[in-house]
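Prediction below, plus the sequence it came from.
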Amino acid sequence: MNELVESITPLFLFPFMGVEMVFHEKKDENMAQEKYQILSLQRYFGEGTFAQVFAAWDKRGIHYHFSVEKETDLSIDNDPRKGDSIELFFNTRPSDSRTFLTQFCHHFVLTPVEMRGTLFREVTKFRTEETHPFVTQQDVSVSSHLDTDRYLIDCILPFSVFHGYEKKKPLTFFYRINRKESSPQSLSASHQEYEPQKTPLLWTKVSFE
């Protein structure tokens, strides 16, 4: 009986959270402040939290600051899910009727150390002929700093890189932070239940104030 109980995977009530958030205008150099922090929802999915994520905006674009705990030596792989990486997903024209990636979607990957000479790349996979030019590191500002027990990444994504974006309009956003040796941390959905690139309807609505 005990062996049977130990083999049962617990079920959680909320495999995803339908939340909305506000990115506030950046008025300080220091991004690691409570007013810019994106709250973690991992406890609702029975998953751990190992990273802090901060976001804000100004006339240059959307600013991100990531503070990610390290478990082992960093490992980078061409497949971001097999190494240490941060995946960012955006949809500039969200629609309740489009359940796949369109030309208005972006899937970016950040890495704490360079892979093939870059810390940033776009890997968006479109299902149809709807496409857009890929964003490269030359289009954004990104830097990484390695500490003993964590790495820090700062990134500025100019509004101009977001295909089809209309100024001051809401967009949808999702992140997934991967570690080679353990489960990832995601914004608002369980990694065991959903693949973010396959479920853009679950990405979180973001407005700018």
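Received the coordinates, thanks. Nothing here was measured: the structure is a model prediction, and the numbers come from that model. Numbering: from 1, shown residues only.

mean confidence for stretch 181-192?
Across stretch 181-192, pLDDT averages out at 83.

oh, and call the first residue 605 from now on, that's how I've got it
Fine by me, first position is 605 from now on; the one you just mentioned is stretch 785-796.

Which residues does the nearest residue to residue 664 once chain neighbours are set aside form beta bridges with?
Distances taken as C-beta to C-beta, 6 or more residues apart in numbering place residue 760 nearest to residue 664, at 5.7 Å, with adjacent residues excluded. Quick note: C-beta positions are derived from backbone N, CA and C, even for glycine. Beta bridges link residue 760 to residue 667, residue 745, judged by DSSP bridges.

who does the strand or helix carrying residue 747 touch, helix- and strand-wise?
Here residue 747, judged by DSSP states H and E, is contained in strand 745-750. Counting by 3 or more C-beta pairs under 8 Å, 6 or more residues apart in numbering; DSSP states H and E, the packing neighbours recorded for strand 745-750 are strand 709-719, strand 722-726, strand 754-761.

Residue 750 reaches residue 717, doesn't it?
Yes: taking C-beta atoms under 8 Å as the definition, residue 750 is a contact partner of residue 717 at 7.5 Å.

Mutual contacts of those two, please.
Shared contacts of residue 750 and residue 717, defined by C-beta atoms under 8 Å, 6 or more residues apart in numbering, comprise residue 678.

where are the low-confidence patches of this structure?
When residues are selected by pLDDT under 70, those of the chain lie in 605-622, 700-702.

ranges for the helices of it?
606-611 (DSSP state H).

for it, which residue is closest to the average position?
Nearest to the mean C-alpha position of the chain, by C-alpha atoms, centre = their mean, lies residue 779 at 1.8 Å.

looking at it, residue 626 is touching residue 810, isn't it?
Yes: at 7.4 Å, residue 626 counts as touching residue 810 under the criterion of C-beta under 8 Å.

What is the neighbour count of residue 639?
Look at residue 639: counted by other C-beta atoms under 10 Å, it has 10 neighbours.

Residue 662 now?
For residue 662, the count of nearby residues is 12 (other C-beta under 10 Å).

cool, residue 719 as well?
Using other C-beta under 10 Å: residue 719 sits among 17 other residues.

So what sits opposite it in the bridge?
Beta-bridge pairing for residue 719 (DSSP bridges): residue 722.
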